[in-house]
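Q: Give me the fold of what follows.
(chains A, B and C)
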Amino acid sequence: MKTSVERLTGLFVELTKRSAGLQPALTTPNPPTDAAKPELAAAQPSAPLPVTHATRGFDFDATVAPADVVTAAEIMDREGFAIDAVTGVDWIAQNEMEIVYDFFHPTEPVRAVVRTRVPRAEPELPTISPVFPGANWHERETHDFFGIRFAGHPNLKPFLLPEDADFHPLRKDYQP
Amino acid sequence: MSFLELEPIRILVYLVGICAFVGGNAAYLVLAERKGAGRIQRRPGPNEAGWGGWMQPFADGIKLLAKQVMVPPGTDSLLFRAAPLMVMAPPLMCLATIPFSDSLVARNLNIGLLFVFSFGSINVMALMLGGWASRNKYSIISAARVVSQSVAYEIPMLLVVITMLMVSGTMNLQEIIVQQGGGFWHWNLFKVWVNPLMPVTFVIFFTCMLAETNRAPFDMAEAESELVAGAFTEYGGMGFGVFFMAEYANIVVGCCLATVLFLGGWQSPIGYLSGGLWGLGWFLLKVYALISTVIWIRWTFPRTQFYSLLNLSWKILIPVSLVTLLLTGAMLKIPLLFR
Amino acid sequence: MITSKESLAADSPDHAPHETFVLNLGPQHPAAHGVLRVLMTMDGEWIQRAEPIIGYIHRMHEKMGENRTYAKFLPNTSRIDYLSAMHYTHAFVGAVERAAKIEVPIRAEYIRVITSELNRISSHMVWWGALLLDLGGFTPILYAFDDREKILDLLEGLCGARLTYCYYRFGGLCNDADDAFLNGTRDFVKHMQPRLKMYRDLVTDNIILRKRLTDIGEISAELCRKYGATGPVIRGAGVAYDVRRAEPYSIYPRFDFKIPTYPECDSMARYLVRMDEMEQSLRIIEQALDGITAGPVMAPKVPRVLKLPPGDTCYAVEAARGRFMVRIVSDGKDTPYRVKLRTPSFSNLSLYEEASKGMILPDALAMMGSLDLVIPDIDR
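A: This next block holds a predicted model:
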């Protein structure tokens, strides 16, 4: 079946519902305070947001719970998406780390973004490298830069940084 | 003349002559190769040192001589030092039997051909020892390649030589040349009435010669984009310089041999003007024509893959050279039955 | 003709004595084209495992992006992949324009397309020469650089830089293209078409080259998908994925061009894709030269200090090596909150470990050459 934004939306709504039933919603130690910036506060797992490629550069934007990223990656894998990138964003004001998974589709013009947030103090979530082996390097890089631990990752050694690096330069509180 | 015929003087003159010939060739073939490469690649090539770059070999030589000969720790020091000598000596020995003209030959041996090939084989061992003694992984890979490549290419080469032996009936190189006298149609290359596959035989010989001297497209031993510098990786200064010169010396020997066996040696292509200096001129002309072909091939082809190199030998060259051998034998013997 | 797989079955490590050694290929190795290190576990010349180790030229561009304004970060982007700087600046400029909703004048878009495609050709010429160098053919690189020199001269006349261009600006271009550039580009197209034919005759059809690349270094479409490999690598696996079509940007929908694909998945397929791409780039340049109109090259009223609205914006371009994406996360200040640079070489190299298993060393290096790696692009 051809992948489309509608189909993906359906799948992710289902995923969010199932996950909400199974576990309590993601607890954020410091709830978002910056109410003036609604897009920054979209931390809770929610139904995918409508986005348009022309203004944002992607067609699909879903936020899932950290425990669901593997399921989300499996959905993307089944739909024939390719891994584009995995990266983090350090939301220091909200005391959270955002992990962004980018996917592109080799044959359909659909660009999808899956996000999740983990508490800054304990940035840990499961790895998706068994689903997408290409995520291995992206996750290592994210671990390098943000100190986000990917549980189950086969090789979380420093990658781009020197092999004895114990700092995470893209954290906003990083002091060189 | 009588002075030159004194044996010690004769030996000395030829020794110096051959050393100078090999040394001069090695030095200036490097320049010729670089100039030729420049021509093929549409750039000037070396043109700074001396008159239009003609002093470049001296500049290179002085630079290499001035460098320290490094023996890296952990290497087999004796073999590491011996390898460059062993790679340089055989081509010098081979040239002792090569007739440059009807009278210019250091030793007119009856087993000239055998002599050349027995010394030619040492080259491989030297490269292998150099690679092995270097204690470098690239060198060891290269040493292993050199051995299997040489084993593979000596067989068709020797089969071709046996074919030529059957045609000429002698191992004396001077006699082989004398048989080819009287115009280019008498050269072994064109003796299609002896064996219609003679030009093919020549191509096999030439290919094997390229492979035996580790020249592109068969330069598996050096393979600078894969093995850094192969067997020579750990060599610096004159150690490397000697390896480098030996490569060219081997090319000279190989091309000399191809000229003797197939292109009539010092015989003139038009049937007369073969004596004395004319003969020397014809010989060198043919040798340098072959050498420039070797250079030309190097700068126009990419390197072959190692297993396709071995495939070429075992699956194509050896069967074809066996066929030529059988065919030559048959064509030489069958007419005798009806006599 | 033995393929590497057949040889592997015949000469499998299971039958050979279990003795392996570790070969540290690089960071200084002629075939590594930079400071790439590959830790190879070898069984003779057969590779059991090849693990790329990167980071030797890591410069932390993403952190630099966070502590300077958008305009100040712009020159950085051309230093990431120095061979296709135009595409990289295009992506960053495009992301900012998309977020700030800046309309780029049509003439500027045309010139962007022309320069981008010229840059693609010059990048592919370097790849072509370097690949042939890896294969032991010395001569092509000098011909390639000869052609590339003409492109560099054109682009130098346009923007002053020869390699790390910073020609695109937010809202347009830093200066207009003069007639010398446009006519010079026209001449270059005329010059390049017969040259590509010559390269096809002299190099592509060479039997040694074909034997070295055909059926060697198989990278399937599925492998590309799992690792996110893009550009000529995925197109060499038969998938017509090209950002210029999949996520049309600039004015690429206006042009008629083919996406060359080859389904063989081998190194030769990737080689042929790039050779065909150069022809297609020439076609695009010709169409753009015909279609270009007079007009401004800079959008009116682009603020000096750009402040993007909060939120994240992506912009992907088809760089010479594949999909390059910039993600800008803004918090409303005049510096980006986060800049993510998704580089194609990074993903293309990440599949190397899996793809090179069981290959023989020269084949693995030929495959590495066919991936067209630029190490600063991997390390950022």
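Q: Please count neighbours and contacts with C-alpha atoms only from this point.
A: Noted.
Q: quick one: strands adjacent to whatever helix or strand A:Val114 lives in?
A: Assigned by DSSP states H and E, A:Val114 belongs to strand A:111-119. Partners of strand A:111-119 in the sheet, by DSSP bridges, are strand A:60-63 (parallel), strand A:96-104 (antiparallel).
Q: now stretch A:111-129: mean pLDDT?
A: For stretch A:111-129, mean pLDDT is 86.
Q: should've said stretch C:114-129
A: The model assigns stretch C:114-129 a mean pLDDT of 91.
Q: Can that stretch be said to contact chain B?
A: No. Judged by Cα under 8 Å from any Cα of the partner chain, stretch C:114-129 and chain B are separated, with a smallest distance of 11.4 Å.
Q: what does that stretch rub up against?
A: Outside of stretch C:114-129, the residues within contact range by Cα atoms under 8 Å, 6 or more residues apart in numbering or on different chains are C:83-87, C:140-145, C:147-148, C:151-152, C:155, C:274-275, C:278, C:281-282, C:284-285, C:288-289, C:319-320, C:369, C:372.
Q: same thing with stretch C:245-253?
A: Residues external to stretch C:245-253 that are found in contact with it (Cα under 8 Å, 6+ apart): A:Thr107, A:Glu108, A:Pro109, C:Glu109, C:Tyr110, C:Val113, C:Arg244, C:Ala316, C:Val317.
Q: Show me what the helix or strand following the strand holding A:Val114 is packed up against.
A: Downstream of strand A:111-119, the first helix or strand assigned by DSSP H and E is strand A:124-126. When contacts are defined as 3 or more Cα pairs under 8 Å, 6 or more residues apart in numbering or on different chains; DSSP states H and E, strand A:124-126 sits against strand A:149-151.
Q: I'd say B:Asn25 and B:Asn250 touch.
A: No. Between B:Asn25 and B:Asn250 there is no contact under Cα atoms under 8 Å: 10.6 Å.
Q: So which of these two has more stuff around it?
A: When neighbours are counted by other Cα atoms under 10 Å in any protein chain shown, B:Asn25 and B:Asn250 differ, and B:Asn250 comes out ahead with 27 against 18.
Q: helix, strand or coil for the more buried one?
A: Three-state call for B:Asn250 (DSSP: H, G, I helix; E, B strand; the rest coil): helix.
Q: Show the pLDDT at it.
A: Confidence at B:Asn250, expressed as pLDDT, is 87.
Q: Equivalent analysis for B:Val30, please.
A: B:Val30 is assigned 85 on the pLDDT scale.
Q: Which strand or helix spans it?
A: Assigned by DSSP H and E, B:Val30 falls in helix B:7-40.
Q: any residue of that helix up close to chain C?
A: Yes. Helix B:7-40 reaches chain C (Cα under 8 Å from any Cα) through B:Ala37, B:Ile40.
Q: Need the residues that contact the next helix-or-strand element following that helix.
A: Sequence order places helix B:56-66 as the next helix or strand after helix B:7-40, per DSSP H and E. Defining contact as Cα under 8 Å, 6+ apart, one finds that helix B:56-66 is touched by B:Ala27, B:Tyr28, B:Val30, B:Leu31, B:Pro46, B:Glu48, B:Ala49, B:Gly50, B:Gly236, B:Gly237, B:Met238, B:Gly241.
Q: likewise stretch B:294-303?
A: Counting by Cα under 8 Å, 6+ apart, B:33, B:36-37, B:40, B:210, B:215-220, B:223, C:132-133, C:135-139, C:208-209 sit against stretch B:294-303.
Q: Restricted to helices, list the residues you listed.
A: Mapping the contacts of stretch B:294-303 onto helices (DSSP state H) picks out B:Glu33, B:Gly36, B:Ala37, B:Ile40, B:Leu210, C:Leu132, C:Leu133, C:Thr139, C:Ile208, C:Leu209.
Q: out of those, who's near chain A?
A: For chain A, no contacts are drawn from these by Cα under 8 Å from any Cα.
Q: so can I have a markdown table of those showing distance to C:Pro310, neighbour count and pLDDT?
A: Shown next, in a markdown table, are those (distance: Cα to Cα, whole Å; neighbours: other Cα atoms under 10 Å in any protein chain shown; pLDDT from 0 to 100):
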| residue | distance to C:Pro310 | neighbour count | pLDDT |
| --- | --- | --- | --- |
| B:Glu33 | 64 | 20 | 86 |
| B:Gly36 | 63 | 20 | 86 |
| B:Ala37 | 59 | 21 | 86 |
| B:Ile40 | 58 | 17 | 86 |
| B:Leu210 | 67 | 23 | 87 |
| C:Leu132 | 47 | 24 | 88 |
| C:Leu133 | 48 | 22 | 86 |
| C:Thr139 | 52 | 21 | 87 |
| C:Ile208 | 56 | 18 | 86 |
| C:Leu209 | 52 | 21 | 87 |
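Q: Kindly reformat the strands paired with strand A:111-119 as CSV containing mean neighbour count.
A: Formatted as CSV, the strands paired with strand A:111-119 follow (neighbours: other Cα atoms under 10 Å in any protein chain shown):
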stretch, mean neighbour count
strand A:60-63, 24
strand A:96-104, 23
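Q: would a markdown table of those with distance to B:Ser121 be doable?
A: Below are those laid out as a markdown table (distance: least, Cα to Cα, whole Å):
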| stretch | distance to B:Ser121 |
| --- | --- |
| strand A:60-63 | 69 |
| strand A:96-104 | 59 |
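Q: Out of the ones you listed, which is closest to B:Arg10?
A: With Cα to Cα as the criterion, B:Arg10 lies closest to strand A:96-104 of the strands paired with strand A:111-119, at 81.1 Å.
Q: what's the closest one in contact with?
A: Contacts of strand A:96-104 (Cα under 8 Å, 6+ apart): A:28, A:76, A:81-91, A:110-120, A:123.
Q: to the chain's geometric centre, what's the distance from stretch A:133-142?
A: 12 Å (Cα atoms, centre = their mean, to the nearest Å).
Q: Pull the residues that contact that stretch.
A: A:83, A:85-88, A:127-129, A:148, A:150, A:153-160, C:226-228, C:347, C:350-351.
Q: Now with 7 Å, please.
A: Residues outside stretch A:133-142 that contact it (Cα atoms under 7 Å, 6 or more residues apart in numbering or on different chains): A:83, A:85-88, A:128-129, A:148, A:156, A:159-160, C:226-228, C:350.
Q: again, but for stretch A:149-160
A: The contact list for stretch A:149-160 (Cα under 7 Å, 6+ apart) reads A:123-127, A:129, A:140-141, A:143-144, A:165, C:54-55, C:58, C:379.
Q: Now that we have these, which of them are buried?
A: Among the contacts of stretch A:149-160, those scoring as buried are A:123-125, A:127, A:129, A:140-141, A:143-144, C:54-55, C:58, C:379 (criterion: 16 or more other Cα atoms under 10 Å in any protein chain shown).
Q: Closest one to chain B out of those, please.
A: Checking these against chain B by Cα to the nearest Cα gives C:Ile54 as the nearest, at 19.3 Å.
Q: Isn't that closest one up against C:Leu36?
A: Yes. With contact defined as Cα atoms under 7 Å, C:Ile54 reaches C:Leu36; the gap is 5.9 Å.
Q: re the thing from before, if you average pLDDT over each of the strands paired with strand A:111-119, which is lowest?
A: Of all the strands paired with strand A:111-119, the minimum mean pLDDT falls on strand A:60-63 (a mean of 83).
Q: could you dump that one to PDB, C-alpha only?
A: Output of strand A:60-63 as PDB, limited to C-alpha atoms (Å, rounded to 0.1, in the frame of the first residue of the first chain):
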ATOM      1  CA  PHE A  60       4.600  14.700   9.000                       C
ATOM      2  CA  ASP A  61       5.500  15.500  12.500                       C
ATOM      3  CA  ALA A  62       4.700  13.200  15.400                       C
ATOM      4  CA  THR A  63       5.700  13.200  19.000                       C
END
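Q: I'd like the contacts of stretch C:245-253 as a markdown table, with distance to chain B appended.
A: Output for these, formatted as a markdown table (distance: Cα to the nearest Cα, whole Å):
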| residue | distance to chain B |
| --- | --- |
| A:Thr107 | 35 |
| A:Glu108 | 39 |
| A:Pro109 | 40 |
| C:Glu109 | 37 |
| C:Tyr110 | 35 |
| C:Val113 | 32 |
| C:Arg244 | 34 |
| C:Ala316 | 34 |
| C:Val317 | 32 |
